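Trainee: Give me a model of this one.
(chains A and B)
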Amino acid sequence: SQTIHQWPATLVQPVGSPLSLECTVEGTSNPNLYWYRQAAGRGLQLLFYSVGIGQISSEVPQNLSASRPQDRQFILSSKKLLLSDSGFYLCAWMRRFGPPLHFGNGTRLTVT
Amino acid sequence: AQSVSQHNHHVILSEAASLELGCNYSYGGTVNLFWYVQYPGQHLQLLLKYFSGDPLVKGIKGFEAEFIKSKFSFNLRKPSVQWSDTAEYFCAVDSGYSTLTFGKGTMLLVSP
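Mentor: Sure thing, here's the model as predicted:
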């Protein structure tokens, strides 16, 4: 069966520090991978998605970037965190032929 | 761009009451529709999905949803809620571009 791992579960970082959140998927090949941000009362906002190694689509211009160095690895990064980057970040994957979307447990990021 | 609208941000019900959560989407073409649920402290889980066929779909835990194409709606229903149904519910639409667009979510609180 397929599983998705996302870490860390919680993270507290000072403003201006770098960020790296990792996500890996097991049990499937060539998945589509996604980073969403969830904010209370605002639903899920798609940040980035990837349909293959090195292929990143950005949905919202911001202080974050994403990379896909391996088929089943997706990384969310920032060079310098802002207070507004605080939030709950979710990694997800989908099979190539379509939905549904399967989510990881999320990372609660607090920028202080 | 497609959008998803969930009518209620917060719903409070007593146990055994009937539930209907509204969801409307803006995309006019062929869509796949989903309801996801997030129980307190847990990750997002797929509740049910509609791809084609019978517009009345049944999901886990007694939930069902009806796709009404003419109304661009996909409302979630449950005849009798339980305290354990307390969660946040998200409607989502996939229009075939490898991404899902989510509504802002509805927080359901069921009082025992």
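
Trainee: how about the residue sitting nearest the centre point of chain A, phi and psi?
Mentor: For chain A, A:Trp35 is the residue whose C-alpha lies nearest the centre (CA atoms, centre = their mean; 3.1 Å). Backbone geometry at A:Trp35, expressed as degrees, to the nearest 10, gives phi -120, psi 130.

Trainee: same check, this time on B:Lys61
Mentor: phi 60, psi 30.

Trainee: Could I get the pLDDT score of it?
Mentor: The score at B:Lys61 is 93. That number is its pLDDT.

Trainee: now do the one 5 residues further on
Mentor: The score at B:Glu66 is 96. That number is its pLDDT.

Trainee: Likewise for A:Ser58?
Mentor: 88.

Trainee: what's the distance between the residue nearest to it when sequence neighbours are not counted and chain B?
Mentor: In this structure, A:Ser58 finds its nearest non-sequential neighbour in A:Phe48, 5.5 Å apart by CB to CB, 6 or more residues apart in numbering or on different chains. For every residue, glycine as well, the C-beta is placed using N, CA and C. Per CB to the nearest CB, to the nearest Å, A:Phe48 is found 10 Å from chain B.

Trainee: Please confirm that A:Phe48 is located within a strand.
Mentor: Yes: using DSSP: H, G, I helix; E, B strand; the rest coil, the secondary structure at A:Phe48 is a strand.

Trainee: gap between it and A:Ser77?
Mentor: 10 Å (CB to CB, to the nearest Å).

Trainee: before we move on, what about B:Val37?
Mentor: 30 Å.

Trainee: Between the two, which has more neighbouring residues?
Mentor: B:Val37 (21 against 13; other CB atoms under 10 Å in any protein chain shown).

Trainee: Leaving out chain neighbours, which residue sits closest to B:Ser5?
Mentor: Using CB to CB, 6+ apart and skipping the chain neighbours, the partner closest in space to B:Ser5 is B:Asn24 (4.7 Å).

Trainee: All set now, cheers.
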